[in-house]
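[1] return a 3D structure for these sequence lines:
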Amino acid sequence: NYNAVYEKSLTDSGDNPIYAQIYLLVNLDNDTVIFEKDADKQAAPASLTKIMTATVVLENCKDLDEEVEASYEAIHLLDGTGSSIVGLEPGEKMSIKNLLYCLLVRSGNDAANVLAMHVGGSIEGFVKMMNDKAAALGCKNTHFNNPNGLPDETHYTTASDMAKIAKSAWLNPLFRRYCTRRYYEIPATNKFAEARQLLNHHKMMKNGEYYYEGVLGGKTGYTDASGNTLVTYCKRGNMTLVAVILNSTSAANAYSDTASLFNYGFENFEKMDMKVSMEPVPFKVLPCDKYILKNNGNTYPFYYQ
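    Next comes the predicted model:
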């Protein structure tokens, strides 16, 4: 029982307990679930949604240098939501590449809407693409209703499904380029005379307040409805883990929980390559077992590792 073993290890090691209501630690190399709590329980993802948004954009845009014009609708759909934005203006032109930096580094909801309307023709069209992709990845308890993660009763996921989405995204080297970037500067545009400085919200990355050795990147999220949410990719040696935190009580606890999960994963598991011999080994059986052998004689070949 991984959970029982882990609870004991927390006591022994002095690590903090896990505060989040829902969490999951997975080995990305072989999809092994190392530790979880309520990983199939539905919860609001907040801006973790943007991992799927970026995935759909990258799969459907061949020219990332193509410039996209922000529409009035894409910007003003966010009026009154108190959204995390980059400050795009109607009529502003920006490359898909830079919009993706705005999406994943700054977590701009305005960038999410602009990209969604460009790729899907409308927010609704893009959301269908998101849900189709989730279904294709085997997500059983996920439904998206927008590309940015703003709260909605029909916008939910689970830690298990989010891990599937996070792995699919990570396998795309273009996605890794954006989600592992600590800092990026967007040059001046036709509507904005000065460069925009973008600083990644994820504080476990290098030089972050909660730096953890091996963390490559990830995505943060928060709304009043979701609490703090966090996806984090971490690699040590030849093993890459992803931690998913949903419904945490604070950002500090989400980082602390993630560090505790990684501590357990890296300290208690390792990736090993098994050598398999393809030479059959005869195994002598009793006469009463011969019916299993289907006229194979008195021995049955089997293979060992």
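
[2] every contact and neighbour count from this point should use C-alpha atoms.
    Noted.

[3] what helix or strand is the residue nearest to residue 61 when sequence neighbours are not counted on?
    In space, residue 61 comes closest to residue 119 once its chain neighbours are excluded; the distance is 7.6 Å by Cα to Cα, 6 or more residues apart in numbering. Element membership for residue 119, per DSSP states H and E: helix 109-120.

[4] just give me the neighbour total for the residue nearest to residue 61.
    18 (other Cα atoms under 10 Å).

[5] can you give me the pLDDT of it?
    You'll see residue 119 listed with a pLDDT of 98.

[6] right, and it touches residue 57 too?
    Yes - shown here, residue 119 and residue 57 form a contact pair, counting by Cα atoms under 8 Å, at 6.6 Å.

[7] quick revisit: ok, residues contacting the helix holding residue 119?
    Helix 109-120 is touched from outside by 50, 53, 57, 60-61, 68-71, 74-75, 78, 83-88, 96, 99-100, 102-103, 122-123, 125-127, 129, 147-148, with contacts defined as Cα atoms under 8 Å, 6 or more residues apart in numbering.

[8] please tell me how far the residue nearest to residue 170 when sequence neighbours are not counted sits from residue 147.
    Residue nearest to residue 170 in three dimensions, not counting chain neighbours: residue 176, with 5.9 Å by Cα to Cα, 6+ apart. Relative to residue 147, residue 176 is positioned 19 Å away (Cα to Cα, to the nearest Å).

[9] for the two, indicate the residue with more neighbours.
    residue 147 (29 against 15).

[10] what residues are up against that one?
    By Cα under 8 Å, 6+ apart, residue 147 lies in contact with 49, 50, 53, 112, 113, 116, 123, 126, 127.

[11] ok, the residue nearest to residue 170 to residue 101 distance?
    11 Å.

[12] longest single helix anywhere in the protein?
    Longest helix in the chain, counting residues (DSSP state H): helix 251-268.

[13] for that one, packing partners?
    strand 22-27, strand 227-236, strand 239-248 (3 or more Cα pairs under 8 Å, 6 or more residues apart in numbering; DSSP states H and E).

[14] give me that answer again for 10 Å
    Here helix 251-268 touches helix 2-13, strand 22-27, strand 32-37, strand 215-223, strand 227-236, strand 239-248, going by 3 or more Cα pairs under 10 Å, 6 or more residues apart in numbering; DSSP states H and E.
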